[in-house]
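Novice: using only what follows, build the 3D model:
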Amino acid sequence: MRHIQQNNNQGSTLNRKWSVSLTVPMAMPKTLTNYIRKSVSLALSVLVLMALMSGEWAVQTAMAAPLLNFNLVGPQTIGPQMAQTGIPLTGINVHLVNTGTTARQDARLRIFIHQDEAVHRDLQADDIQIDVLEGTSWIPVPLKPIDDGVMGAIGTEGSGHKELHHRGGFAIPAKLNRVWQLRITLRLPGVYTMVTTVSPDNGNTHLTQPLNITLEAL
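Specialist: Here you go, the predicted structure:
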């Protein structure tokens, strides 16, 4: 009975002064100790997540706006877009639509072209020419070698499109419906892949699903 009374008194002390009683040496089963550690760790993780969510560190993907409607087509509806080496290929159109009621970030139409992996050739800026139709004039888009291919970025009309890696670009107001007409000149024979997307920050963020078409120069 004395042993039971001791345990009851200890339990009362734990209830009244839990912060002090935790310092009393007690032998705990290993499984119970691990359980407490996991519970404390989980509680801390939840508190940290709540703190982040309440501030500016909230997870952006949960608040991400839907992707814009985006389409890329060429003159041929089936198979690769066939071209003659050194002769401009027209009829490549990029279509962007903002069906939403709010404007989106200013962005650029970013274009990346690389050759078939079987070729193992590093393209240079002079190997390809991309022109965009502005009014009645074809405007060359400056290109830069990157990752075995070349890259260009189309911004505001009339800007010259020289700011390949800059943020911003053309405005995307609500209900935007825009088409870019492109002309591609491939100066080396072979099979190429052309990838397009709309991004406000050099490709780190995509406002559209990236699309690609195959080009073949004979």
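Novice: could you list the buried residues of stretch 123-132?
Specialist: Under the neighbour-count criterion of 16 or more other C-beta atoms under 10 Å, stretch 123-132 has Leu123, Asp127, Ile128, Gln129, Ile130, Asp131, Val132 buried. C-beta here means a position set from N, CA and C on the backbone, and glycine is covered the same way.
Novice: what does that stretch contact?
Specialist: Stretch 123-132 has contacts (C-beta atoms under 8 Å, 6 or more residues apart in numbering) with 88, 111, 113-115, 138-145, 148-150, 152, 154, 161, 180-188, 192.
Novice: buried members of the residues you listed into PyMOL, please.
Specialist: In PyMOL, this line selects whichever of the contacts of stretch 123-132 come out buried by 16+ other C-beta under 10 Å:
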select buried, resi 111+113+114+115+138+139+141+143+149+150+152+154+161+180+182+183+184+185+186+188+192
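Novice: residue contacts, Leu143?
Specialist: Applying C-beta under 8 Å, 6+ apart, we find Leu143 in contact with Ala125, Ile128, Gln129, Ile130, Val150, Met151, Gly152.
Novice: if you set the cut-off to 6 Å instead, what comes out?
Specialist: Contacts for Leu143 (C-beta atoms under 6 Å, 6 or more residues apart in numbering) come out as Ala125, Val150, Gly152.
Novice: list phi and psi for Asp126.
Specialist: With angles defined as degrees, to the nearest 10, Asp126 sits at phi -80, psi -10.
Novice: tell me the pLDDT of it.
Specialist: Note on Asp126: pLDDT of 94.
Novice: repeat that for the one 10 residues further on.
Specialist: Per-residue pLDDT puts Thr136 at 95.
Novice: how about Lys38?
Specialist: The score at Lys38 is 47. That number is its pLDDT.
Novice: got a list of what Ala171 touches?
Specialist: Contacts of Ala171 were listed using C-beta under 6 Å, 6+ apart, and they are Asp106.
Novice: helix or strand for it, which one?
Specialist: strand 170-172 (DSSP states H and E).
Novice: pLDDT (mean, whole number) over that strand?
Specialist: Mean predicted confidence for strand 170-172 is 95.
Novice: hey, C-alpha coordinates of the helix or strand following it in PDB?
Specialist: Following strand 170-172 in sequence order, the next helix or strand is strand 177-186 (DSSP H and E). What follows is strand 177-186, C-alpha atoms only, in PDB (Å, rounded to 0.1, in the frame of the first residue of the first chain):
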ATOM      1  CA  ASN A 177      -5.300  37.400 -77.800                       C
ATOM      2  CA  ARG A 178      -2.000  37.700 -79.700                       C
ATOM      3  CA  VAL A 179      -0.300  35.900 -82.500                       C
ATOM      4  CA  TRP A 180       3.400  36.000 -83.400                       C
ATOM      5  CA  GLN A 181       4.300  35.100 -87.000                       C
ATOM      6  CA  LEU A 182       7.800  33.700 -87.200                       C
ATOM      7  CA  ARG A 183      10.300  32.900 -90.000                       C
ATOM      8  CA  ILE A 184      13.100  30.400 -89.400                       C
ATOM      9  CA  THR A 185      16.200  30.100 -91.500                       C
ATOM     10  CA  LEU A 186      18.300  26.900 -90.900                       C
END
